[in-house]
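> What shape does this take:
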Amino acid sequence: MTGLTPLMIGLQGPRADSKALSLLRRTGAMSVLLLARNVESPGQVRRLTLELEQRLGRPLIFAVDHEGGWVLRFESGVTAFPGNAALGKAGDPRLAKAVGRQMARELRALGIGLNLAPVLDVLGKKYNPGIHIRSFGADPEVVSKLGSAFICGQQVHRLAACVKHFPGKGAARQDAHLTLPLISESRRRMLKLHLAPFKAAVEAGAACVMSSHAVFPALDPTKTPATFSRPIITDLLRSRLGFKGVAISDDLCMGAVTESRTIPESALEAFLAGHDLLIVAHVPEAMLETSELLLSAASDGRIPSGRWERSLGRIEALSRGFRPARGPSPKAEPGLALRISRKAVEIVQEGAVPVPLPLRGGRLAVLWPDLREVRDRFTFEGGPSAPLKRVMSSVSRWPVKPVFALTPVVSGKEVAPALRAAAKADAALFFCFEAMRFPGQRRALEALQQAAGRKLAVCLLRNPWDKDLLRPGVTALHAYGYRDCQIQAVLEALQP
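You can find the predicted model right below:
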């Protein structure tokens, strides 16, 4: 038995330093998950992946969550695509395939061989805080077609795809990063609706499938979370769907797991349920303890030897089959991103303020979320202050008299500056960064509707369900995301 382990670990920084190398040697991890803390620029990532392999003396599978839209690790240097919700509104598999193709070209040049995308969760009817704009939508046929095209675009160009979150957590009402969701869909709906895109993905040859930290009583009556459920991972995914690739757990450091299990215990249980590759993205001490437990279990028979070797063999085959080709980064495709974004913008509530804005020579208040408050949670192109600067540059060229003000996102900051700006304007444009999740945005939305009323237009950036918080008479648009290309598309639709 080798000292390699079926672990995908997260490193603490952006350099191939002694701490990173020691952790890889001591854990025997076969894969590394690159997170925002590991990313400074494409060139730095290229050096990081090359130096780690060279100094370690063995290949590694470098993976990243590069979904586009909400989940993006790069502030610059790669195409910032608008994400699945925008692709779902555009509804064209050719665009999804083109996105997958460009992602493959860009990521492979950096030494990355595995993209933990696309999300294939079919949205339910109610607010889903962990998924919403990460999904292609609520129609399983659309999700299946776009997901399969996305997979094809990536894998034809030798970037392994990992579809998620099996068997589908689009109907979740809780965010698994924080707590364990219970999904009470019937077995018939799970198999017909939520499982359909994963079946299509297996048929399309998806290299990897990631499971969900959620409980599905209709699929496992013991109410064991899918992460640890042999009926879901082995019987359903492997036997019923015929999946032959690498089954990957979601991050075992998430709240849905740690509220009931230690990380090492969860890793062993997930492996025994049928997973091949186990993600431990945080807590180096837990990575070491998990490695020790897995090797011990493989040695003493708790993990059958054949089972251990099959999983390591699948991971090695994945590494060989999708070896990246490091080199100069290809030209970005902002035109493709903007084309998708334009197709996604829609007016979802017609109010007193028409679109485009009828304000030639009039006063316009532009109210933007203070993204500095969530800079540690999300990635913004150019940093959290850059989007507003680009909005200001664009709107300042309009035939209006603009005034700009920030609104709080999560803090208890006063909304008075935004209210004063709205009071002095002929119309107010509020860019809403998910009022259902962030108390500062909800407070701002409520106050602006009360004060500005029928001269308010709202652009919903992150959450389509925020529409339920709007009063009649308020104009509302969906952007289905907050990437630069999406803001530009919205501004084009609004420009007087």
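> show me where the chain has strands.
Shown for the chain, the strands assigned by DSSP state E span residues 5-10, 29-34, 61-64, 114-115, 160-166, 208-211, 246-248, 278-280, 346-349, 363-369, 401-407, 427-432, 456-460, 475-478.
> Dump those strands to TSV, plus distance to residue 377, mean neighbour count and mean pLDDT.
(C-beta placed from N, C-alpha, C; glycine too.) Formatted as TSV, the strands of the chain follow (distance: least, Cβ to Cβ, whole Å; neighbours: other Cβ atoms under 10 Å; pLDDT from 0 to 100):
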stretch	distance to residue 377	mean neighbour count	mean pLDDT
strand 5-10	16	25	98
strand 29-34	17	25	98
strand 61-64	17	24	98
strand 114-115	21	28	98
strand 160-166	19	27	98
strand 208-211	21	26	98
strand 246-248	23	26	98
strand 278-280	19	26	98
strand 346-349	26	14	95
strand 363-369	13	23	97
strand 401-407	17	19	97
strand 427-432	17	26	98
strand 456-460	19	27	97
strand 475-478	22	24	96
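> The ones you listed into JSON lines, with extra columns for distance to residue 42?
Formatted as JSON lines, those follow (distance: least, Cβ to Cβ, whole Å):
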{"stretch": "strand 5-10", "distance to residue 42": "19"}
{"stretch": "strand 29-34", "distance to residue 42": "12"}
{"stretch": "strand 61-64", "distance to residue 42": "12"}
{"stretch": "strand 114-115", "distance to residue 42": "15"}
{"stretch": "strand 160-166", "distance to residue 42": "19"}
{"stretch": "strand 208-211", "distance to residue 42": "23"}
{"stretch": "strand 246-248", "distance to residue 42": "24"}
{"stretch": "strand 278-280", "distance to residue 42": "23"}
{"stretch": "strand 346-349", "distance to residue 42": "33"}
{"stretch": "strand 363-369", "distance to residue 42": "28"}
{"stretch": "strand 401-407", "distance to residue 42": "31"}
{"stretch": "strand 427-432", "distance to residue 42": "28"}
{"stretch": "strand 456-460", "distance to residue 42": "30"}
{"stretch": "strand 475-478", "distance to residue 42": "31"}
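> Relative to residue 106, how far out is the spatially most central residue of the chain?
Centroid-nearest residue in the chain, with Cα atoms, centre = their mean: residue 71, separated by 3.4 Å. From residue 71 across to residue 106, the span is 15 Å (Cβ to Cβ, to the nearest Å).
> ditto for residue 117
For residue 117, the distance to residue 106 equals 13 Å [Cβ to Cβ].
> which of the two has more neighbours?
Looking at residue 117 and residue 106 with other Cβ atoms under 10 Å, you find the greater number of neighbours at residue 117, namely 28 against 22.
> Spatially nearest residue to the more buried one (excluding sequence neighbours)?
Take residue 117 and drop its neighbours on the chain: the residue closest to it by Cβ to Cβ, 6 or more residues apart in numbering is residue 67, 4.5 Å away.
> if I pick that neighbour, what's in contact with it?
By Cβ atoms under 8 Å, 6 or more residues apart in numbering, the residues touching residue 67 are 83, 84, 116, 117, 118, 119, 134.
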